[in-house]
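A.B. asks: How does the following fold in three dimensions:
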Amino acid sequence: LLLPTVLILFLLEIGNFLDLGFDQVYNLLTPMTYSVGDILDTYVFRTGIQQAQYSFATAVGLFQSVIGFILVYVFNRLSKKVSDGGLW
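C.D. replies: Numbering: from 1, shown residues only. Here you go, the predicted model:
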């Protein structure tokens, strides 16, 4: 009986798969740790915002949104096959 609830909660969270917590990583990131501690959000901030490449930052944001939508759509289709419900 818990399966539909678990699937809905999973579907609501899978869209944020590429969000890794910008503020937590950015506070601890230094130029010495760029090679090992850089994530997509901090790289976009450094190249897109600080170097005024706004089109690059916009393109990466759109890419993250499209990937999140595709993940939600695919897992919604799978949840309809596993149980009778989904998001839509």
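
A.B. asks: Surely residue 68 and residue 12 touch.
C.D. replies: No. Assessed by C-beta atoms under 8 Å, residue 68 is found out of contact with residue 12, at 11.3 Å. To be clear about C-beta, it is placed using only N, CA and C from the backbone, and glycine gets the same treatment.

A.B. asks: These two: who's more crowded?
C.D. replies: residue 68 (16 against 11; other C-beta atoms under 10 Å).

A.B. asks: what about residue 48, how many neighbours?
C.D. replies: Summarising burial for residue 48: neighbours were counted as other C-beta under 10 Å, giving 18.

A.B. asks: check contacts around residue 56.
C.D. replies: Residues touching residue 56, when contacts are defined by C-beta atoms under 8 Å, 6 or more residues apart in numbering, comprise 44, 47-48.

A.B. asks: and if we set it to 7 Å?
C.D. replies: 47-48 (C-beta atoms under 7 Å, 6 or more residues apart in numbering).

A.B. asks: Not counting its neighbours along the chain, what's nearest the spatially most central residue of the chain?
C.D. replies: Centre of the chain computed as the mean C-alpha position; nearest residue by C-alpha atoms, centre = their mean is residue 18, 2.3 Å away. Across the structure, with C-beta to C-beta, 6 or more residues apart in numbering as the measure, the residue nearest residue 18 apart from its sequence neighbours is residue 64 (4.8 Å).

A.B. asks: shouldn't that neighbour be in contact with residue 16?
C.D. replies: No. With contact defined as C-beta atoms under 7 Å, residue 64 and residue 16 do not form a contacting pair (9.5 Å).

A.B. asks: Now do the helices in this structure.
C.D. replies: Using DSSP state H, the helices assigned to the chain run over residues 3-14, 22-28, 34-37, 40-44, 54-82.

A.B. asks: In TSV, list those helices along with distance to residue 88 and mean pLDDT.
C.D. replies: Written out in TSV, the entries for the helices of the chain read as follows (distance: least, C-beta to C-beta, whole Å; pLDDT from 0 to 100):
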stretch	distance to residue 88	mean pLDDT
helix 3-14	10	87
helix 22-28	29	90
helix 34-37	38	89
helix 40-44	28	89
helix 54-82	7	91
